[in-house]
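Undergrad: One predicted model, sequence on top.
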Amino acid sequence: MENTDPRLYPLILDALAEGVLTVDPELRVTSLNRAGADILGVEPEDAVGRRCYEIFRSDRCQEGCAVKRTLATGEPLRDQRVEILDADMEPVPVVVATAVLRGEDGATIGAVEVFSDLREVETLRRELSGTRSLGDLVGASPAMRELFRLIPVVADSDATVLVEGPSGTGKELVARALHEHSPRAGGPFVTLNCGALPDTLLESELFGHRRGAFTDAREDREGLLARASGGTLFLDEIGDTSPAFQVKLLRVLQEGEYRPLGAAETRKADARVVAATNRDLEAMVDEGSFRRDLYYRLRVIPLRIPPLAERREDIPPLVERLMERLRARTGKAIETISEPALRVLMEHDFPGNVRELENLLERAFVLCRGGTIERRHLPPELLGGAAAAGGGRGLRPSERAILAAETLPGDARRQSPEARKLVAVLEAHNWNRTATARALGIGRNTLWRRMREYGLLKGGGKDEA
C-alpha cells in the first residue's frame, strides 16, 4: 500500500467489518474505526485519548491483556477469544488479534487490535447444538425450548401470566423476557416481592398512600402500580400473600382500578401483571389459604419452569452462560470447565436450581487460579466419597484456606444425605433461613429444628435471619 493516498486510510478502515483499535505505548486509544465503535457502543471521537480498557472492557483487561502482552514482547497474537461489555453492559464474545505498530526508525509507537463480533457465530453454534436462548434465559431441554416458543406469543397480549416453578429456576427472567418481547417493552418493568412485606406495607408499596393514611405516612407516595403504568408489574412470591390482600389484588385484576391508602378516589391501572410462585397454588386453593377466583385470574396463561434436576441437558449451556458473566464481572481469564468437573455438576440434583449453580461457579471462580475449573474447585459435598471426607485435600493451600473460611464447624456437612441436601439449599440462599424455608415450603421454626438436629447452626444455636 506504499502508493496509497494516506487520506484514504480512514475510509478503508471504516469499510472493514472487523473492529480496529490502535493504542500508544501507554494504552491510550489513538484511533477506532466505525465497525469497532458499533461493537463497543462508543463514538470514535469519544474513544480517542482514553485508556483502552475504559472502552474495551474485556474479561482479560486485568489479567492477560492481549495488547499489553504484544507491547511487552513485540510478538503478534492471533485468535484470542475474549468477552467484552458493550455500552449496555451486556457481554459480547469477540475474537482478537494484535500486532505492534512501529515507526520509520523501527521504534514501537503503539499497537493495533483487530476484533470480530462472534454473536452471530455463537447463535449459529447454539442452533446447531440444539441450545436456545431468549434474553437471559438459556437451555437445550424440550421444556425450555417450548418456553422459548411460547414467550413471544404470550408477550403479544396483556393477559395475566402465572409463572410457576421452584425457587432459583429463573421466574423473574421469564417475566423480563415477556416484558422485553411485548408492545410494553418501552415502559417500565417493576418488581414487588410479595413475601417480603406485611400486609400494610405491601398495600402501601403496591397502591401508594396519601399523607396521614397511617402513622409514618408523612407525605403522598406513588405506588408501584402507578410506576409500572405502560409497562409490566412482576409480583413475585404471590403465594405468600394473605387472604385480605388477595381480595384487593383481585379487584385490580377484575376492575382495572385501585385506591391508594387514605385516598377517596380510585385510579385506573395500566400495567400488565405477571405473577410468580414456587408454591402449589392449586393445593392452597383446595385447603382454603388462597382464593380460587384470584387463582384463575392470575392463571390466565400458566408458564412452568421445571427444576434443574428434570432438565440436566440445560446444565452445560447454563454453565457456559454463567461463566461468561463471571469472566466479565471478575476480569479473571477462566475459559473452560474440565470434563470431570462438568460431570460432577451433571450428576448433582441442584435443590437450589440455577441459583445454586451460579453460586457454585462463583465459588469456583474464587478458588481457581488457572484457566480451567477443576473438580477440586467444587464443594467437597458434591464430590462424595474420599473427596468429601478429605475436606478438600486436593486443593492448594490458598484454596483450602478459602474453603475453611466457608465451612461450618464440626462434621455437619458429612453426616447424612438429608443434612447435605439441606446444606445445599442453605448455600443456594446464602444461609438466609427465611428464603431457605420458603424454598423448602416449610416454616422457619421447622427449618431451625432441622438445622439444630443436623448440627448446622452457626454459633450457639441462636436463630438467625
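TA: Looks like it came in fine. Residues are numbered from 1 along each chain as shown.

Undergrad: Kindly export stretch 195-215 (C-alpha atoms) in PDB.
TA: Coordinates of each C-alpha in stretch 195-215 appear next as PDB, following Å, rounded to 0.1, in the frame of the first residue of the first chain:
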ATOM      1  CA  GLY A 195     -43.400 -12.400  50.500                       C
ATOM      2  CA  ALA A 196     -41.100  -9.800  52.000                       C
ATOM      3  CA  LEU A 197     -43.600  -7.400  53.500                       C
ATOM      4  CA  PRO A 198     -46.600  -7.500  55.900                       C
ATOM      5  CA  ASP A 199     -50.000  -6.500  54.500                       C
ATOM      6  CA  THR A 200     -49.900  -2.800  55.400                       C
ATOM      7  CA  LEU A 201     -46.600  -2.200  53.900                       C
ATOM      8  CA  LEU A 202     -47.400  -4.400  50.900                       C
ATOM      9  CA  GLU A 203     -50.600  -2.400  50.100                       C
ATOM     10  CA  SER A 204     -48.600   0.900  50.500                       C
ATOM     11  CA  GLU A 205     -45.900  -0.400  48.200                       C
ATOM     12  CA  LEU A 206     -48.400  -1.600  45.600                       C
ATOM     13  CA  PHE A 207     -51.200   1.000  45.700                       C
ATOM     14  CA  GLY A 208     -49.400   4.000  47.200                       C
ATOM     15  CA  HIS A 209     -50.800   6.200  50.000                       C
ATOM     16  CA  ARG A 210     -51.900   9.600  51.000                       C
ATOM     17  CA  ARG A 211     -50.400  11.700  53.700                       C
ATOM     18  CA  GLY A 212     -51.800  10.700  57.100                       C
ATOM     19  CA  ALA A 213     -53.000   7.300  55.900                       C
ATOM     20  CA  PHE A 214     -51.100   5.700  58.700                       C
ATOM     21  CA  THR A 215     -48.600   6.800  61.400                       C
END
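
Undergrad: Let me know the average pLDDT across that stretch.
TA: Regarding stretch 195-215, the rounded mean pLDDT is 78.

Undergrad: got the contact list for that stretch?
TA: Residues from elsewhere that reach stretch 195-215 (CB atoms under 8 Å, 6 or more residues apart in numbering): 192, 194, 217-226, 236-237, 239-242, 244-245, 248-249, 258-263, 438. For the C-beta atoms, the positions are set from N, CA and C on the backbone; glycine is no exception.

Undergrad: Just the buried subset of the residues you listed, please.
TA: 192, 194, 221, 223-226, 236-237, 239-241, 245, 248-249, 258-262, 438 (16 or more other CB atoms under 10 Å).

Undergrad: So if we follow the domain assignment, how does this protein break up?
TA: For the chain, automatic domain parsing gives the domain ranges 6-118, 130-306, 310-453.

Undergrad: In terms of mean pLDDT, which of the ones you listed ranks lowest?
TA: With a mean of 75, domain 310-453 has the lowest mean pLDDT of those.

Undergrad: residues touching residue 100, list them.
TA: Residue 100 sits next to 70, 71, 74, 76, 108, 110, 111 when contact means CB under 8 Å, 6+ apart.

Undergrad: ranking those by neighbours, who comes first?
TA: Greatest neighbour count in those, by other CB atoms under 10 Å, goes to residue 111: 26 neighbours.

Undergrad: center of the protein, which residue is that?
TA: The centroid of the chain falls nearest to residue 136 when counting by CA atoms, centre = their mean (7.0 Å).

Undergrad: any idea how far residue 33 lies from residue 290?
TA: 59 Å (CB to CB, to the nearest Å).

Undergrad: Could I have the CA atoms of stretch 349-365 written out in PDB?
TA: The C-alpha coordinates for stretch 349-365 follow below in PDB (Å, rounded to 0.1, in the frame of the first residue of the first chain):
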ATOM      1  CA  ASP A 349     -29.600 -32.800  42.000                       C
ATOM      2  CA  PHE A 350     -29.500 -29.000  42.400                       C
ATOM      3  CA  PRO A 351     -32.200 -28.400  45.100                       C
ATOM      4  CA  GLY A 352     -31.400 -24.700  44.700                       C
ATOM      5  CA  ASN A 353     -31.700 -24.900  40.900                       C
ATOM      6  CA  VAL A 354     -30.000 -22.300  38.600                       C
ATOM      7  CA  ARG A 355     -29.300 -20.000  41.600                       C
ATOM      8  CA  GLU A 356     -27.300 -22.800  43.300                       C
ATOM      9  CA  LEU A 357     -25.400 -23.500  40.000                       C
ATOM     10  CA  GLU A 358     -24.500 -19.800  39.800                       C
ATOM     11  CA  ASN A 359     -23.300 -19.800  43.500                       C
ATOM     12  CA  LEU A 360     -21.200 -23.000  42.900                       C
ATOM     13  CA  LEU A 361     -19.500 -21.400  39.800                       C
ATOM     14  CA  GLU A 362     -18.900 -18.100  41.600                       C
ATOM     15  CA  ARG A 363     -17.200 -20.100  44.400                       C
ATOM     16  CA  ALA A 364     -15.100 -22.000  41.800                       C
ATOM     17  CA  PHE A 365     -14.000 -18.600  40.300                       C
END
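
Undergrad: Spatially, and excluding backbone neighbours, which residue is closest to residue 439.
TA: Distances taken as CB to CB, 6 or more residues apart in numbering put residue 167 closest to residue 439, at 3.9 Å, once the chain neighbours are dropped.

Undergrad: What of residue 355?
TA: residue 168 (3.4 Å).

Undergrad: my guess is the one you found meets residue 439, correct?
TA: Yes: contact status for residue 168 versus residue 439: in contact at 7.1 Å, counting by CB atoms under 8 Å.

Undergrad: which residues are common contacts for the two?
TA: 352, 428.
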